[in-house]
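Participant: Have a look at this fold, sequence not included:
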(Lines give C-alpha, C1' and ligand atoms only; values in the text may rest on other atoms or scores of the structure.)
Protein backbone atom coordinates (compact mmCIF):
# COMPACT_ATOMS: atom_id res chain seq x y z
CA UNK A 1 0.00 0.00 0.00
CA UNK A 2 2.73 2.38 1.03
CA UNK A 3 4.90 1.11 -1.77
CA UNK A 4 2.54 2.42 -4.46
CA UNK A 5 3.63 6.08 -4.11
CA UNK A 6 7.23 4.93 -3.94
CA UNK A 7 6.74 2.93 -7.12
CA UNK A 8 5.08 5.89 -8.81
CA UNK A 9 7.97 8.04 -7.75
CA UNK A 10 10.52 5.64 -9.14
CA UNK A 11 8.57 5.35 -12.37
CA UNK A 12 8.37 9.10 -12.79
CA UNK A 13 12.08 9.39 -12.16
CA UNK A 14 12.77 6.86 -14.87
CA UNK A 15 10.40 8.63 -17.26
CA UNK A 16 12.17 11.91 -16.62
CA UNK A 17 15.54 10.34 -17.26
CA UNK A 18 14.45 8.73 -20.47
CA UNK A 19 12.56 11.66 -21.91
CA UNK A 20 15.47 14.06 -21.56
CA UNK A 21 13.31 17.11 -21.45
CA UNK A 22 12.70 19.50 -18.67
CA UNK A 23 9.24 18.56 -17.65
CA UNK A 24 9.10 20.39 -14.36
CA UNK A 25 11.68 22.95 -15.27
CA UNK A 26 9.65 23.95 -18.31
CA UNK A 27 7.10 25.34 -15.95
CA UNK A 28 9.81 27.65 -14.70
CA UNK A 29 11.24 28.84 -18.02
CA UNK A 30 9.36 28.75 -21.27
CA UNK A 31 11.91 30.72 -23.25
CA UNK A 32 15.62 30.60 -22.73
CA UNK A 33 17.86 33.46 -23.57
CA UNK A 34 21.49 34.19 -23.17
CA UNK A 35 23.58 37.21 -23.93
CA UNK A 36 27.29 37.59 -24.48
CA UNK A 37 29.63 40.52 -24.90
CA UNK A 38 33.00 39.94 -26.49
CA UNK A 39 35.83 41.74 -28.23
CA UNK A 40 36.31 41.08 -31.92
CA UNK A 41 39.89 41.90 -32.92
CA UNK A 42 40.61 43.74 -36.15
CA UNK A 43 40.57 41.64 -39.28
CA UNK A 44 38.97 38.65 -37.58
CA UNK A 45 35.72 36.77 -37.87
CA UNK A 46 34.03 35.02 -34.97
CA UNK A 47 31.33 32.41 -35.39
CA UNK A 48 28.90 30.98 -32.91
CA UNK A 49 26.63 28.01 -33.26
CA UNK A 50 23.28 27.18 -31.68
CA UNK A 51 21.55 23.84 -31.81
CA UNK A 52 17.86 24.20 -32.52
CA UNK A 53 14.83 21.98 -32.76
CA UNK A 54 12.12 22.07 -35.36
CA UNK A 55 9.37 24.70 -35.16
CA UNK A 56 11.09 26.70 -32.51
CA UNK A 57 12.08 30.29 -33.02
CA UNK A 58 15.45 31.91 -32.68
CA UNK A 59 15.74 35.64 -32.25
CA UNK A 60 19.15 37.20 -32.33
CA UNK A 61 19.84 40.81 -31.52
CA UNK A 62 23.27 42.35 -31.69
CA UNK A 63 24.87 45.73 -31.12
CA UNK A 64 28.31 47.12 -31.59
CA UNK A 65 29.23 48.81 -28.34
CA UNK A 66 32.68 50.18 -29.03
CA UNK A 67 35.26 50.57 -31.75
CA UNK A 68 35.88 53.11 -34.49
CA UNK A 69 32.89 53.26 -36.83
CA UNK A 70 30.69 51.09 -34.56
CA UNK A 71 29.89 48.73 -37.39
CA UNK A 72 30.33 45.06 -38.14
CA UNK A 73 29.28 42.52 -40.77
CA UNK A 74 26.86 39.88 -39.63
CA UNK A 75 25.37 36.83 -41.25
CA UNK A 76 23.38 33.85 -40.12
CA UNK A 77 23.14 30.55 -41.96
CA UNK A 78 20.93 27.53 -41.56
CA UNK A 79 22.14 24.00 -40.77
CA UNK A 80 22.08 23.20 -44.49
CA UNK A 81 24.51 26.01 -45.19
CA UNK A 82 22.00 28.38 -46.71
CA UNK A 83 22.56 32.03 -45.92
CA UNK A 84 19.47 33.37 -44.17
CA UNK A 85 20.32 36.96 -43.32
CA UNK A 86 23.30 39.09 -44.07
CA UNK A 87 24.03 42.57 -42.75
CA UNK A 88 26.79 44.70 -44.13
CA UNK A 89 28.49 47.14 -41.76
CA UNK A 90 25.54 47.69 -39.52
CA UNK A 91 25.79 48.98 -36.01
CA UNK A 92 22.91 46.95 -34.62
CA UNK A 93 20.33 44.51 -35.86
CA UNK A 94 17.70 42.04 -34.91
CA UNK A 95 16.65 38.89 -36.78
CA UNK A 96 14.12 36.18 -36.07
CA UNK A 97 14.34 32.74 -37.59
CA UNK A 98 11.76 29.97 -37.60
CA UNK A 99 13.98 27.00 -37.10
CA UNK A 100 14.41 23.45 -38.23
CA UNK A 101 16.52 20.75 -36.64
CA UNK A 102 20.21 21.40 -36.65
CA UNK A 103 22.98 23.84 -35.80
CA UNK A 104 22.52 27.41 -36.85
CA UNK A 105 25.69 29.41 -37.38
CA UNK A 106 25.95 33.15 -37.03
CA UNK A 107 29.11 35.13 -37.55
CA UNK A 108 30.43 38.58 -36.86
CA UNK A 109 32.93 39.76 -39.39
CA UNK A 110 35.43 42.53 -38.73
CA UNK A 111 37.76 41.76 -41.63
CA UNK A 112 37.03 45.07 -43.33
CA UNK A 113 38.78 46.91 -40.52
CA UNK A 114 42.54 46.66 -40.20
CA UNK A 115 43.18 48.57 -37.02
CA UNK A 116 40.13 48.85 -34.84
CA UNK A 117 38.72 46.07 -32.69
CA UNK A 118 35.01 46.00 -31.98
CA UNK A 119 33.15 45.28 -28.80
CA UNK A 120 30.06 43.31 -29.74
CA UNK A 121 27.04 42.43 -27.65
CA UNK A 122 24.52 39.85 -28.82
CA UNK A 123 21.47 38.27 -27.29
CA UNK A 124 19.82 35.03 -28.26
CA UNK A 125 16.19 34.47 -27.40
CA UNK A 126 14.94 30.94 -27.96
CA UNK A 127 11.25 30.23 -27.90
CA UNK A 128 9.21 27.06 -28.05
CA UNK A 129 12.18 24.84 -27.49
CA UNK A 130 10.13 22.55 -25.33
CA UNK A 131 7.00 21.94 -27.32
CA UNK A 132 7.27 18.19 -27.00
CA UNK A 133 6.05 17.75 -23.49
CA UNK A 134 3.08 18.96 -21.50
CA UNK A 135 4.16 21.38 -18.78
CA UNK A 136 1.34 20.23 -16.58
CA UNK A 137 2.11 16.49 -16.56
CA UNK A 138 3.92 16.61 -13.28
CA UNK A 139 0.95 18.13 -11.55
CA UNK A 140 -0.62 14.70 -11.54
CA UNK A 141 1.90 13.65 -8.96
CA UNK A 142 1.02 16.43 -6.57
CA UNK A 143 -2.09 15.55 -4.65
CA UNK A 144 -1.94 18.01 -1.79
CA UNK A 145 -4.87 20.33 -1.35
CA UNK A 146 -7.81 18.95 -3.27
CA UNK A 147 -10.32 21.49 -2.06
CA UNK A 148 -8.25 24.41 -3.22
CA UNK A 149 -7.27 22.91 -6.58
CA UNK A 150 -9.00 25.51 -8.72
CA UNK A 151 -7.81 28.38 -6.61
CA UNK A 152 -4.29 27.08 -6.68
CA UNK A 153 -4.33 26.92 -10.44
CA UNK A 154 -5.47 30.51 -10.67
CA UNK A 155 -2.71 31.61 -8.37
CA UNK A 156 -0.22 29.61 -10.38
CA UNK A 157 -1.40 31.19 -13.60
CA UNK A 158 -1.07 34.66 -12.16
CA UNK A 159 2.38 33.90 -10.88
CA UNK A 160 3.40 32.52 -14.23
CA UNK A 161 2.10 35.66 -15.89
CA UNK A 162 4.04 37.85 -13.50
CA UNK A 163 7.14 35.82 -14.02
CA UNK A 164 7.03 36.09 -17.78
CA UNK A 165 6.48 39.82 -17.59
CA UNK A 166 9.39 40.18 -15.24
CA UNK A 167 11.42 38.14 -17.66
CA UNK A 168 10.53 40.63 -20.35
CA UNK A 169 11.61 43.46 -18.04
CA UNK A 170 14.95 41.79 -17.58
CA UNK A 171 15.34 41.50 -21.33
CA UNK A 172 14.54 45.16 -21.81
CA UNK A 173 16.98 46.05 -19.09
CA UNK A 174 19.69 44.09 -20.86
CA UNK A 175 18.93 46.00 -24.01
CA UNK A 176 19.03 49.35 -22.26
CA UNK A 177 22.28 48.39 -20.66
CA UNK A 178 23.74 47.67 -24.07
CA UNK A 179 22.57 50.99 -25.46
CA UNK A 180 23.95 52.85 -22.49
CA UNK A 181 27.25 51.02 -22.71
CA UNK A 182 27.56 52.01 -26.33
CA UNK A 183 26.83 55.66 -25.66
CA UNK A 184 29.20 55.71 -22.74
CA UNK A 185 31.99 54.14 -24.77
CA UNK A 186 31.39 56.69 -27.48
CA UNK A 187 31.63 59.55 -25.03
CA UNK A 188 34.75 58.18 -23.42
CA UNK A 189 36.43 57.87 -26.76
CA UNK A 190 35.37 61.45 -27.54
CA UNK A 191 36.92 62.53 -24.28
CA UNK A 192 40.18 60.77 -25.08
CA UNK A 193 40.19 62.20 -28.54
CA UNK A 194 39.64 65.76 -27.32
CA UNK A 195 42.45 65.42 -24.80
CA UNK A 196 44.87 63.94 -27.26
CA UNK A 197 44.30 66.32 -30.11
CA UNK A 198 44.28 69.39 -27.86
CA UNK A 199 47.66 68.52 -26.40
CA UNK A 200 49.01 67.73 -29.82
CA UNK A 201 47.65 71.00 -31.14
CA UNK A 202 49.34 72.95 -28.36
CA UNK A 203 52.67 71.25 -28.91
CA UNK A 204 52.50 71.74 -32.67
CA UNK A 205 51.58 75.40 -32.36
CA UNK A 206 54.46 76.16 -30.02
CA UNK A 207 56.88 74.20 -32.15
CA UNK A 208 55.79 75.87 -35.36
CA UNK A 209 56.04 79.35 -33.94
CA UNK A 210 59.50 78.62 -32.56
CA UNK A 211 60.50 77.15 -35.91
CA UNK A 212 59.23 80.21 -37.77
CA UNK A 213 61.23 82.58 -35.61
CA UNK A 214 64.31 80.38 -35.85
CA UNK A 215 64.11 80.13 -39.63
CA UNK A 216 63.65 83.81 -40.06
CA UNK A 217 66.59 84.56 -37.84
CA UNK A 218 68.74 82.06 -39.65
CA UNK A 219 68.04 83.87 -42.91
CA UNK A 220 69.79 86.89 -41.53
CA UNK A 221 72.55 85.20 -39.63
CA UNK A 222 74.64 83.92 -42.49
CA UNK A 223 77.19 86.70 -42.50
CA UNK A 224 75.50 88.34 -45.43
CA UNK A 225 73.59 91.53 -44.97
CA UNK A 226 70.49 91.89 -47.11
CA UNK A 227 70.97 95.58 -47.21
CA UNK A 228 74.24 97.36 -47.02
CA UNK B 1 1.86 12.39 4.83
CA UNK B 2 1.29 11.03 1.39
CA UNK B 3 1.47 14.57 -0.02
CA UNK B 4 4.87 15.14 1.57
CA UNK B 5 6.15 12.06 -0.20
CA UNK B 6 4.67 13.31 -3.42
CA UNK B 7 6.30 16.66 -2.94
CA UNK B 8 9.68 15.13 -2.35
CA UNK B 9 9.12 13.04 -5.44
CA UNK B 10 8.34 16.16 -7.46
CA UNK B 11 11.39 17.81 -6.03
CA UNK B 12 13.62 14.94 -6.98
CA UNK B 13 12.15 15.21 -10.47
CA UNK B 14 13.05 18.88 -10.46
CA UNK B 15 16.54 18.08 -9.26
CA UNK B 16 17.10 15.57 -12.01
CA UNK B 17 15.80 17.89 -14.65
CA UNK B 18 18.02 20.67 -13.44
CA UNK B 19 20.95 18.30 -13.69
CA UNK B 20 20.03 17.38 -17.25
CA UNK B 21 19.14 20.93 -18.16
CA UNK B 22 22.51 21.55 -19.79
CA UNK B 23 21.13 20.63 -23.17
CA UNK B 24 21.76 23.14 -25.88
CA UNK B 25 23.74 26.23 -25.04
CA UNK B 26 25.70 28.15 -27.58
CA UNK B 27 28.93 26.67 -28.85
CA UNK B 28 31.97 28.00 -30.65
CA UNK B 29 35.35 26.78 -31.82
CA UNK B 30 38.60 27.64 -30.16
CA UNK B 31 42.13 27.02 -31.34
CA UNK B 32 44.94 25.55 -29.26
CA UNK B 33 46.56 28.71 -28.02
CA UNK B 34 43.56 30.91 -28.57
CA UNK B 35 41.98 32.77 -25.72
CA UNK B 36 38.32 33.70 -25.88
CA UNK B 37 37.04 36.39 -23.60
CA UNK B 38 33.55 37.46 -22.72
CA UNK B 39 32.56 40.58 -20.90
CA UNK B 40 29.76 40.69 -18.36
CA UNK B 41 28.63 44.01 -17.02
CA UNK B 42 26.99 43.33 -13.68
CA UNK B 43 26.02 45.12 -10.48
CA UNK B 44 27.79 44.23 -7.27
CA UNK B 45 26.99 41.21 -5.11
CA UNK B 46 25.78 39.29 -8.13
CA UNK B 47 26.60 35.65 -8.58
CA UNK B 48 27.63 34.31 -11.95
CA UNK B 49 27.71 30.62 -12.81
CA UNK B 50 29.34 29.47 -16.01
CA UNK B 51 28.95 25.98 -17.42
CA UNK B 52 31.08 24.68 -20.23
CA UNK B 53 31.54 21.42 -22.04
CA UNK B 54 34.25 20.64 -24.56
CA UNK B 55 34.32 18.35 -27.55
CA UNK B 56 37.21 17.40 -29.75
CA UNK B 57 36.99 16.60 -33.44
CA UNK B 58 37.65 12.94 -34.08
CA UNK B 59 39.15 12.40 -37.53
CA UNK B 60 38.15 8.76 -37.77
CA UNK B 61 34.49 9.15 -37.06
CA UNK B 62 34.44 12.70 -38.46
CA UNK B 63 32.39 14.06 -35.64
CA UNK B 64 32.82 15.85 -32.39
CA UNK B 65 33.21 13.61 -29.38
CA UNK B 66 33.65 14.59 -25.75
CA UNK B 67 37.22 15.58 -25.12
CA UNK B 68 39.75 13.35 -23.41
CA UNK B 69 40.30 13.60 -19.70
CA UNK B 70 43.65 15.29 -19.92
CA UNK B 71 42.34 18.24 -21.81
CA UNK B 72 41.19 21.03 -19.59
CA UNK B 73 40.22 24.65 -19.81
CA UNK B 74 41.82 27.45 -17.96
CA UNK B 75 39.31 29.99 -16.71
CA UNK B 76 40.36 33.45 -15.66
CA UNK B 77 38.01 36.14 -14.39
CA UNK B 78 39.02 39.76 -13.97
CA UNK B 79 37.04 42.40 -12.13
CA UNK B 80 36.48 45.98 -13.42
CA UNK B 81 39.78 47.11 -11.88
CA UNK B 82 41.66 44.41 -13.81
CA UNK B 83 42.28 42.38 -10.70
CA UNK B 84 42.09 38.64 -11.15
CA UNK B 85 39.33 37.21 -8.98
CA UNK B 86 39.26 33.69 -10.34
CA UNK B 87 42.06 31.83 -12.02
CA UNK B 88 41.64 28.10 -12.10
CA UNK B 89 41.97 25.15 -14.31
CA UNK B 90 39.01 22.87 -14.80
CA UNK B 91 38.60 19.59 -16.62
CA UNK B 92 37.11 19.04 -20.03
CA UNK B 93 33.72 19.78 -18.55
CA UNK B 94 33.29 22.20 -15.75
CA UNK B 95 31.42 24.86 -13.93
CA UNK B 96 32.87 28.00 -12.45
CA UNK B 97 31.24 30.40 -10.03
CA UNK B 98 32.12 33.82 -8.77
CA UNK B 99 30.40 36.71 -7.08
CA UNK B 100 31.08 40.29 -8.03
CA UNK B 101 32.10 42.70 -5.29
CA UNK B 102 32.39 45.80 -7.40
CA UNK B 103 29.92 46.79 -10.08
CA UNK B 104 31.20 47.00 -13.61
CA UNK B 105 32.62 45.07 -16.50
CA UNK B 106 33.98 41.69 -15.55
CA UNK B 107 35.98 39.78 -18.08
CA UNK B 108 35.74 36.00 -18.32
CA UNK B 109 38.52 34.40 -20.35
CA UNK B 110 38.84 30.79 -21.44
CA UNK B 111 41.72 29.03 -23.06
CA UNK B 112 42.71 25.43 -23.28
CA UNK B 113 45.61 24.11 -21.25
CA UNK B 114 46.87 21.93 -24.03
CA UNK B 115 50.62 22.11 -24.44
CA UNK B 116 50.88 19.40 -27.07
CA UNK B 117 50.11 21.03 -30.37
CA UNK B 118 49.30 17.77 -32.03
CA UNK B 119 46.40 17.11 -29.74
CA UNK B 120 43.96 19.18 -31.70
CA UNK B 121 45.13 17.50 -34.91
CA UNK B 122 44.66 20.64 -36.92
CA UNK B 123 41.04 20.89 -35.90
CA UNK B 124 39.39 23.01 -33.34
CA UNK B 125 38.05 22.41 -29.91
CA UNK B 126 34.32 22.87 -29.66
CA UNK B 127 33.27 24.59 -26.45
CA UNK B 128 29.65 24.75 -25.31
CA UNK B 129 29.22 27.67 -22.98
CA UNK B 130 26.42 28.94 -20.84
CA UNK B 131 26.72 31.87 -18.45
CA UNK B 132 23.97 32.55 -15.94
CA UNK B 133 23.78 35.82 -14.10
CA UNK B 134 22.12 36.74 -10.84
CA UNK B 135 18.73 35.23 -10.33
CA UNK B 136 19.18 32.73 -13.16
CA UNK B 137 22.12 31.28 -11.27
CA UNK B 138 19.98 30.14 -8.39
CA UNK B 139 19.32 26.46 -8.09
CA UNK B 140 15.72 26.43 -7.02
CA UNK B 141 15.51 22.71 -6.47
CA UNK B 142 18.24 23.06 -3.89
CA UNK B 143 16.60 26.04 -2.24
CA UNK B 144 13.27 24.25 -2.13
CA UNK B 145 14.84 21.20 -0.56
CA UNK B 146 16.85 23.14 1.96
CA UNK B 147 14.07 25.45 3.13
CA UNK B 148 11.36 22.87 2.68
CA UNK B 149 9.20 25.11 0.55
CA UNK B 150 5.99 24.17 -1.13
CA UNK B 151 5.72 24.80 -4.81
CA UNK B 152 3.79 28.00 -4.35
CA UNK B 153 6.34 29.30 -1.90
CA UNK B 154 9.10 28.42 -4.33
CA UNK B 155 7.44 30.32 -7.14
CA UNK B 156 6.94 33.37 -4.98
CA UNK B 157 10.53 33.17 -3.78
CA UNK B 158 11.66 33.11 -7.38
CA UNK B 159 9.60 36.15 -8.21
CA UNK B 160 11.09 37.99 -5.27
CA UNK B 161 14.61 37.15 -6.42
CA UNK B 162 13.79 38.26 -9.93
CA UNK B 163 12.51 41.61 -8.73
CA UNK B 164 15.58 41.98 -6.51
CA UNK B 165 17.81 41.46 -9.49
CA UNK B 166 15.90 44.01 -11.55
CA UNK B 167 16.20 46.52 -8.77
CA UNK B 168 19.94 45.94 -8.41
CA UNK B 169 20.39 46.37 -12.10
CA UNK B 170 18.44 49.63 -12.03
CA UNK B 171 20.60 50.98 -9.24
CA UNK B 172 23.68 50.09 -11.18
CA UNK B 173 22.17 51.74 -14.25
CA UNK B 174 21.78 54.94 -12.29
CA UNK B 175 25.42 54.86 -11.19
CA UNK B 176 26.55 54.25 -14.77
CA UNK B 177 24.44 57.05 -16.11
CA UNK B 178 26.00 59.38 -13.58
CA UNK B 179 29.47 58.44 -14.75
CA UNK B 180 28.35 58.91 -18.31
CA UNK B 181 27.02 62.34 -17.57
CA UNK B 182 30.24 63.30 -15.81
CA UNK B 183 32.32 62.24 -18.77
CA UNK B 184 30.09 64.14 -21.17
CA UNK B 185 30.17 67.30 -19.11
CA UNK B 186 33.91 67.07 -18.68
CA UNK B 187 34.38 66.67 -22.43
CA UNK B 188 32.11 69.59 -23.10
CA UNK B 189 34.01 71.80 -20.67
CA UNK B 190 37.34 70.78 -22.05
CA UNK B 191 36.31 71.58 -25.59
CA UNK B 192 35.18 75.05 -24.54
CA UNK B 193 38.29 75.72 -22.45
CA UNK B 194 40.61 74.49 -25.11
CA UNK B 195 39.11 76.76 -27.75
CA UNK B 196 39.54 79.81 -25.52
CA UNK B 197 43.05 78.85 -24.48
CA UNK B 198 44.01 78.12 -28.06
CA UNK B 199 42.87 81.53 -29.22
CA UNK B 200 44.76 83.25 -26.41
CA UNK B 201 47.92 81.26 -27.14
CA UNK B 202 47.73 82.12 -30.82
CA UNK B 203 47.34 85.79 -30.07
CA UNK B 204 50.14 85.70 -27.51
CA UNK B 205 52.48 83.87 -29.86
CA UNK B 206 51.70 86.30 -32.64
CA UNK B 207 52.52 89.28 -30.44
CA UNK B 208 55.71 87.65 -29.18
CA UNK B 209 56.85 86.80 -32.70
CA UNK B 210 56.31 90.34 -33.95
CA UNK B 211 58.08 91.94 -31.03
CA UNK B 212 60.99 89.54 -31.13
CA UNK B 213 61.54 89.93 -34.83
CA UNK B 214 61.17 93.69 -34.65
CA UNK B 215 63.85 93.91 -31.96
CA UNK B 216 65.98 91.49 -33.97
CA UNK B 217 65.78 93.55 -37.11
CA UNK B 218 66.48 96.70 -35.16
CA UNK B 219 69.51 95.04 -33.67
CA UNK B 220 70.69 94.06 -37.11
CA UNK B 221 70.10 97.61 -38.26
CA UNK B 222 67.75 96.55 -41.00
CA UNK B 223 64.87 98.80 -40.02
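Facilitator: Everything's here; your move. Not measured: the values here are computed from a predicted model. Residues are numbered from 1 along each chain as shown, chains lettered A, B, ... in the order given.
Participant: Tell me where chain B has helices.
Facilitator: Using DSSP state H, the helices of chain B run over B:2-19, B:140-147, B:151-219.
Participant: ok, now chain A?
Facilitator: Counting by DSSP H, residue ranges of the helices within chain A are A:3-19, A:23-26, A:149-220.
Participant: looking at these, which is buried most?
Facilitator: Comparing those by mean neighbour count (mean count of other CB atoms under 10 Å in any protein chain shown), helix A:23-26 comes out on top with a mean of 22. For glycine as for every other residue, the C-beta is placed from the backbone atoms N, C-alpha and C.
Participant: same question for that helix, mean pLDDT?
Facilitator: What helix A:23-26 shows for mean pLDDT is 36.
Participant: do stretch A:80-95 as well
Facilitator: 90.
Participant: Show me which positions of that stretch end up buried.
Facilitator: Residues of stretch A:80-95 classed as buried: A:87, A:92-93, A:95 (neighbour count, 16 or more other CB atoms under 10 Å in any protein chain shown).
Participant: any idea which of the residues you listed is closest to residue A:185?
Facilitator: residue A:92 (13.6 Å; CB to CB).
Participant: so the closest one touches residue A:71, yeah?
Facilitator: No: counting by CB atoms under 8 Å, residue A:92 stays clear of residue A:71, with 9.4 Å between them.
Participant: Spit out the residues that contact the two alike.
Facilitator: Counting by CB atoms under 8 Å, 6 or more residues apart in numbering or on different chains, the common neighbours of residue A:92 and residue A:71 are residue A:64.
Participant: Contacts only, for residue A:36.
Facilitator: By CB under 8 Å, 6+ apart, the contact list for residue A:36 reads A:121-122, B:26, B:38, B:131.
Participant: what sits opposite it in the beta ladder?
Facilitator: Note on residue A:36: beta-bridge partners by DSSP bridges are residue A:122.
Participant: Distance check, it against residue B:40.
Facilitator: To residue B:40, residue A:36 is 8 Å away according to CB to CB, to the nearest Å.
Participant: which residues do those two both contact?
Facilitator: Residues touching both residue A:36 and residue B:40 (CB under 8 Å, 6+ apart): residue B:131.
Participant: rewinding a little: dump the buried residues of stretch A:80-95 into TSV; add distance to chain B as well.
Facilitator: Listed next are the buried residues of stretch A:80-95 as TSV, based on distance: CB to the nearest CB, whole Å:
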residue	distance to chain B
A:87	19
A:92	17
A:93	18
A:95	16
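Participant: which one of those sits closest to residue A:107?
Facilitator: Nearest to residue A:107 among these, with distances taken as CB to CB, is residue A:87, at 10.7 Å.
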